[in-house]
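Q: Sequence and predicted model, in that order:
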Protein chains: 2
Amino acid sequence: MATLHHMRIGTVARKSGVSIDTIRYYEREGLLLPPQRRPSGYREYDEEALDRLRFIRRAKDLGFSLDDIRELLSLSGDREHGVKGVKQRAQQRLQRVDERLAQLQRMRNGLEELIANCPGHGALGKCPILRALSEPESDEEAKA
Amino acid sequence: MATLHHMRIGTVARKSGVSIDTIRYYEREGLLLPPQRRPSGYREYDEEALDRLRFIRRAKDLGFSLDDIRELLSLSGDREHGVKGVKQRAQQRLQRVDERLAQLQRMRNGLEELIANCPGHGALGKCPILRALSEPESDEEAKA
DNA sequence: ATTGACTCTTGATTTAGGTCAAGGGTTTAT
DNA sequence: ATAAACCCTTGACCTAAATCAAGAGTCAAT
């Protein structure tokens, strides 16, 4: 695990699956700390930066916005707000992630049911996918 | 469950949590069938349209693109490509949804661990959230 | 029969998240 | 010592997904 401190941007781009332009964009946006520079001005990355990039890419695939991701990353590196604040924010996050998990799970089940029952649902009725994610939320139900 | 066939756009907007402009936009984009019109030209929606809108909104929250959603919706209403094609596409979808579920689950666990261990991880080491989603994927590992 | 809240269409604008191009230095292998 | 492959910055451009504005018609309640 030699924490190699000598990757250039093209290498981390390849290893992380994030394009060079996008890496520089993330740096501008404050998602990535500005890395060391060579005398030539070339950026130089270590494994930690690579981990961050992979995290960002996957979180994005999961539908988190860059703002969400900024917040998640700050949870990990926060030496400021003390354990307490971090813990609280992490708990809020956890709750929202759990909600997403539940929704996604329902979509999954809807798909599975669709696959299982497909050959035999002559009458239309409600499609299992739609049914999975289409109930009201009660707070939406102001009188018509 | 009187399938009320007389909601105007503002009502479904309120009930679905999707703005009026966005509803019309979805119609243009083909995610929503053009609804009935009154003689005045006003759109008139029923419960089914409301279900679709809720589905769309939630799927979007889960990080699906409108294209993804179009495809998911088409799975539900497809009387064309016969059971076979639908089943196949649904299976592909299911696989991808399962992958997302797994990733999201890992993020969840990372958060939970962060909350549990926060008070006692004096030495930095690797943060559990980052660790949850930052391993390489092997196909990314072309030699540096 | 008028007022205030809705709705219509068309077309322009915005925001997030990148992506590209131009012009010019740097490194490495030969 | 030169070519090929890399990297730099600045600034323009792009796509998806909305959102807004203008000008005009409709509906419900007073």
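A: Alright, I've got the coordinates.
Q: residues contacting A:Glu135?
A: Taking C-beta atoms under 8 Å, 6 or more residues apart in numbering or on different chains as the criterion, A:Glu135 is in contact with B:Arg54. Quick note: C-beta positions are derived from backbone N, CA and C, even for glycine.
Q: Confidence-wise, which helix or strand of chain A is lowest on average?
A: For chain A, scoring each helix and strand by mean pLDDT, DSSP states H and E identifies helix A:128-132 as the least confident one, at a mean of 82.
Q: hmm, that one touching chain B?
A: Yes - using C-beta under 8 Å from any C-beta of the partner chain, helix A:128-132 reaches chain B at A:128-130.
Q: which secondary structure elements does that helix contact?
A: Counting contacts by 3 or more C-beta pairs under 8 Å, 6 or more residues apart in numbering or on different chains; DSSP states H and E, the secondary-structure elements packed against helix A:128-132 are helix A:82-117, helix B:47-61, helix B:66-77.
Q: quick one: it to chain centroid distance?
A: Per C-alpha atoms, centre = their mean, to the nearest Å, the displacement of helix A:128-132 from the mean C-alpha position of its chain is 25 Å.
Q: cool, and stretch A:128-138?
A: In terms of C-alpha atoms, centre = their mean, the gap separating the centre of stretch A:128-138 from the centre of its chain is 24 Å.
Q: try stretch A:92-108
A: Averaging C-alpha coordinates over stretch A:92-108 and over its chain gives two centres that are 13 Å apart (C-alpha atoms, centre = their mean).
Q: Roughly how far does the residue nearest the centre of chain A sit from A:Arg14?
A: Per C-alpha atoms, centre = their mean, the C-alpha nearest to the average position across chain A is that of A:Ala59, at 1.7 Å. Using C-beta to C-beta, to the nearest Å, we find A:Ala59 at a distance of 20 Å from A:Arg14.
Q: Kindly report the same for A:Glu44.
A: Per C-beta to C-beta, A:Glu44 is found 15 Å from A:Arg14.
Q: same deal with A:Ile23?
A: As defined by C-beta to C-beta, A:Ile23 lies at a distance of 11 Å from A:Arg14.
Q: Which positions in stretch A:68-75 come out as buried?
A: By neighbour count, with 16 or more other C-beta atoms under 10 Å in any protein chain shown as the criterion, the buried positions of stretch A:68-75 are A:69, A:72-73, A:75.
Q: can you check stretch A:38-48 too?
A: Of the residues in stretch A:38-48, those buried by neighbour count under the rule 16+ other C-beta under 10 Å are A:43, A:45, A:47.
Q: A:Ile23 and A:Arg14: who's more crowded?
A: Looking at A:Ile23 and A:Arg14 with other C-beta atoms under 10 Å in any protein chain shown, you find the greater number of neighbours at A:Ile23, namely 23 against 17.
Q: Can the helix or strand encompassing the more buried one be said to contact chain B?
A: Under the criterion of DSSP states H and E, A:Ile23 resides in helix A:20-28. No - taking C-beta under 8 Å from any C-beta as the criterion, helix A:20-28 and chain B are apart, separated by no less than 14.1 Å.
Q: For chain A, give the residue positioned nearest to chain B.
A: For chain A, the residue positioned closest to chain B under C-beta to the nearest C-beta is A:Gly63, at a distance of 1.9 Å.
Q: Flag the shaky bits of chain A, pLDDT-wise.
A: When residues are selected by pLDDT under 70, those of chain A lie in A:1-4, A:77-83, A:118-126, A:138-144.
Q: How about the residues of it by DNA strand D?
A: Residues of chain A lying close to DNA strand D by C-beta under 7 Å from any atom of the strand are A:8-11, A:13, A:20, A:24, A:41-43.
Q: Narrow the residues you listed to just the buried residues.
A: Neighbour-count burial (16+ other C-beta under 10 Å) is assigned, among the residues of chain A next to DNA strand D, to A:9, A:11, A:13, A:43.
Q: List just the nearest of the residues you listed to DNA strand D.
A: Distance to DNA strand D across those (C-beta to the nearest atom of the strand) is lowest for A:Arg43, with 3.3 Å.
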